[in-house]
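Asks: Predicted structure and sequence below. I'll ask about it afterward.
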Amino acid sequence: MTACVPHHTKSADRPAEPREHGPPPARQRRFRVAGADVSASISVFLIALPLSLGIALATGAPLQAGLVAAAVGGIVVGRLGGAPLQVSGPAAGLTVVTAELIQRYGWRTTCAITVLAGITQLALSTLRVARSALAVSPAIVHGMLAGIGVTIALAQLHIVLGGTPQSSAVDNVLELPAQLIDPHLAALSVSALTVLVLLAWPRIPGRVGRLARKIPAALAAVAAASVTALSFGLPVPRVDLPSWSSHALPGLPEGPALGIAAGVLTIMLVTSVQSLLSAVAIDKLVTSRKGSGAAAPRSNLDRELAGLGTANIASGALGGLPVAGVAVRSVANVTAGAVSRNSAILHGIWVTLAAFLFVPLINRIPLPSLAALVMVVGIQMVSITHIRSVTRHREALVYAATLGGVVLIGVLQGVAIGILVAVAVALNRLARTRITRETRDGAEHVRVRGQLTFLAVPRLSRVLHQVPEGTDAVIELDGSFMDHAAYEALHDWQVAHRMRGGTVRLTGRSGSRITDPASGAHSCCRPWTAWRNHHCGEHPAVPERTTGHQLASGLSSFQRNTAPLVREELARLAREGQRPSQLFLTCADSRLVTSMITASGPGDLFTVRNVGNLVPPPGEESGDDSVAAAIEYAVEVLRVRSITVCGHSGCGAMQALLANPPSAAPTPLGRWLRHGQPSLERLRSGEQGWARLSGRLPADTVEQLCLTNVVQQLDNLRAHECVARRLAEGSLELHGMYFHVGEAQAYLLTGAGEVNELFHRVTPTTDRPRAEETASA
């Protein structure tokens, strides 16, 4: 008998990493690289090479430092990180921070700070706090990146014009007029050509454009500028990679301890937040990618943080720039069709080879071309889409405060300002409540817009007491929160108003009625009081209604109350198509509400229901292929990751099997129930032992047959070719489930196929089982 732990039935378990269950030798399969990964790695490499050099140039670090960070980010994070399709390396978002550290402490100390930041990230990963980075407001993150982008663009604009950038964004703005008056025409020409090619390359129309886009725009722009500068002999500074033997490695940190600690904190914060948010974004991009086959595993953010920390330790120790997840390269990786972490690793290997073999070619790249490339990247970091998003969510003030703080003061200080402004905005929204009263249609309407807290109680009480006694009152609550003080004030007035002959109706913004929170009657079933057979507590007699009237009333209730809440989600599913995580096969019994017992919603389950939750074995369908067709469609087309067979207590099909075993039954029901004969024979044979429910034996023979039937249908599922193949690949799981209707209790099966199957009780205390304790069917 095997053990099981509480399990949440909303969706199928998703393993942290794809498991391979192929035949030995496993050691040979481990090093197999998909062709899609090879081609994607080349595309990412062609983007990473010029960008890494440009970012190193923008920070004032040795140019080799950008190549070191790109190689380490690809190989180390690619191998150890938790986001398989994310590509890490030197990021434009770190340019300002790194440049400031180099100016203040020197390059060798900056490398040591990078190592210390990596050690800090490793320590944080052991505490499993990576997801706390997602608690930062998107307005702060986007404002930080936009501020960094503005600072980068202002600094690189001076190099584009043939000058030298200043130490701060403010100084760069003040020096810009003089630079514009006297530009260096050769540098400006090379930079203008780079920007022109960079922007026009993705917009080349027709077949030529499709072929041209196979080469990344960044590489094409730098190549065009390099060829032009060489052809015309333009006097512009070029890349000068010194010998690797003279490459600067880190030294002991030199400087004030507080300043060093602030640098470590800044590098750790920016790289961590940028990488983790990028990993989440790449998960969404992979999920929406069409024709991806087996879905890639979701990112393990704690593992990603650990891989990032290891990479920063290695990059700093080897004299490289800080490493972070890079959105541009990651999106290119996914778009190019990468299917595993091998793509990022190979991209790091290509960068390493280029750093040693392509030095003469790299040395011909004009520095103004790299500066123009980074300047465009900085401008693109000020995303119009992000500005619209924060404006729509009324967080433009937070975005602007963070952006201004980063540009004028610094990254860490700007983020701190953004957090303070975000807290102030949240408190203002919580405290600001608008309460109005008007007389309309013979009733007093009181509208409350905003959150109801103790701060709004005086105004609420004043308005409520202006409502005349004995009148009909409608209280419209347009908010998502009400604290205890506001609830008591509203409830006390409501009771007093009704005692004086008035009526009170609570509604939401749409006008739908809100059940009186003070009323305890039927509160246990409040979400389902429209059910025809609702019998919770005492009810007045309800006249019998016709079926058509009942259906029309239910549809009307759905359109009025539910449709406005689910319309946006259903519209999304209509656009994107269904992508359910599991096939749920259960009985047609009307008491079994699948969405309720699995806490699922539209698009979560692909559901098949029939009498007795039966799965006819292949070749025995007797002309009815509906169940087999549904299984094939779910497994082959929808690519579900698990199949659950759910039986239930008091199953009429199982009772019929026990009472009248089908032999040559002439009716359609009798012919269908013949597919349950193997379950009955399995029960009577006694070879498999008796299944148990959380340690107890079944209550009677009917319950025992219901449990045995679940196990038998799982065996029938394994006989289907498409199911057997996916099980062998390790991309599909089977689960058995039993729902006791009278107890409203779900049980999960473990140990299927053993002498004694165990159905374990699902408890409400834990949503997700620990992977090491879960046993699937």
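Replies: Yep, it's here. Numbers count the residues shown, from 1 in each chain.
Asks: List the residue ranges of the stretch 351-500 of the chain that fall below the pLDDT cut-off.
Replies: Applying pLDDT under 70 to the stretch 351-500 of the chain picks out residues 480.
Asks: ok, now with 50
Replies: For the stretch 351-500 of the chain, applying pLDDT under 50 flags no range at all.
Asks: for it, what spans make up the strands?
Replies: Using DSSP state E, counting those that start in this stretch, the strands assigned to the stretch 351-500 of the chain run over residues 434-440, 443-449, 472-478.
Asks: Over to the chain?
Replies: For the chain, the strands defined by DSSP state E occupy 88-89, 324-325, 434-440, 443-449, 472-478, 503-507, 582-587, 605-610, 642-648, 692-693, 733-740, 745-750, 758-761.
Asks: Reformat these as CSV; add distance to Glu175 and mean neighbour count.
Replies: The way it works is simple: take the backbone N, C-alpha and C, and place the C-beta from them, glycine included. Formatted as CSV, those follow (distance: least, C-beta to C-beta, whole Å; neighbours: other C-beta atoms under 10 Å):
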stretch, distance to Glu175, mean neighbour count
strand 88-89, 31, 36
strand 324-325, 29, 30
strand 434-440, 49, 12
strand 443-449, 50, 18
strand 472-478, 52, 18
strand 503-507, 61, 16
strand 582-587, 62, 26
strand 605-610, 63, 20
strand 642-648, 62, 26
strand 692-693, 79, 19
strand 733-740, 63, 23
strand 745-750, 69, 23
strand 758-761, 71, 22
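Asks: how about those strands, which one is nearest Thr352?
Replies: Distance to Thr352, taken as C-beta to C-beta, is lowest for strand 88-89 among the strands of the chain, at 12.2 Å.
Asks: Contacts made by the closest one with the rest, please.
Replies: The contact list for strand 88-89 (C-beta atoms under 8 Å, 6 or more residues apart in numbering) reads 48, 52, 69-70, 73-74, 77-78, 81, 275, 308, 311, 323-326, 329, 344.
Asks: from those, which ones fall inside helices?
Replies: Ala48, Ser52, Ala69, Ala70, Gly78, Ser275, Leu308, Ala311, Arg329, Ala344 (DSSP state H).
Asks: which ones are touching the fourth one?
Replies: Going by C-beta under 8 Å, 6+ apart, Ala70 touches Ala48, Leu49, Ser52, Gly89, Pro90, Gly348, Val351.
Asks: Quick check: the fourth one vs Ser272, distance?
Replies: As defined by C-beta to C-beta, to the nearest Å, Gly89 lies at a distance of 15 Å from Ser272.
Asks: any idea how far Val382 is from Pro84?
Replies: Taking C-beta to C-beta, one finds Pro84 at 30 Å from Val382.
Asks: How about Leu361?
Replies: Per C-beta to C-beta, Leu361 is found 33 Å from Val382.
Asks: Who has more neighbours out of the two?
Replies: Val382 (18 against 12; other C-beta atoms under 10 Å).
Asks: Identify the residue spatially nearest to the more buried one, adjacent ones excluded.
Replies: Ala146 (4.5 Å; C-beta to C-beta, 6 or more residues apart in numbering).
Asks: close enough to count as contact, that neighbour and Ala401?
Replies: No. If you go by C-beta atoms under 8 Å, Ala146 and Ala401 don't touch, sitting 11.6 Å apart.
Asks: would you turn the strands of the stretch 351-500 of the chain into CSV with distance to Thr114?
Replies: As requested, these are exported to CSV (distance: least, C-beta to C-beta, whole Å):
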stretch, distance to Thr114
strand 434-440, 51
strand 443-449, 50
strand 472-478, 50
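Asks: Looking at those strands, spot the one closest to Ser731.
Replies: strand 472-478 (46.7 Å).
Asks: for the closest one, packing partners?
Replies: With contacts taken as 3 or more C-beta pairs under 8 Å, 6 or more residues apart in numbering; DSSP states H and E, strand 472-478 sits against strand 443-449, strand 503-507.
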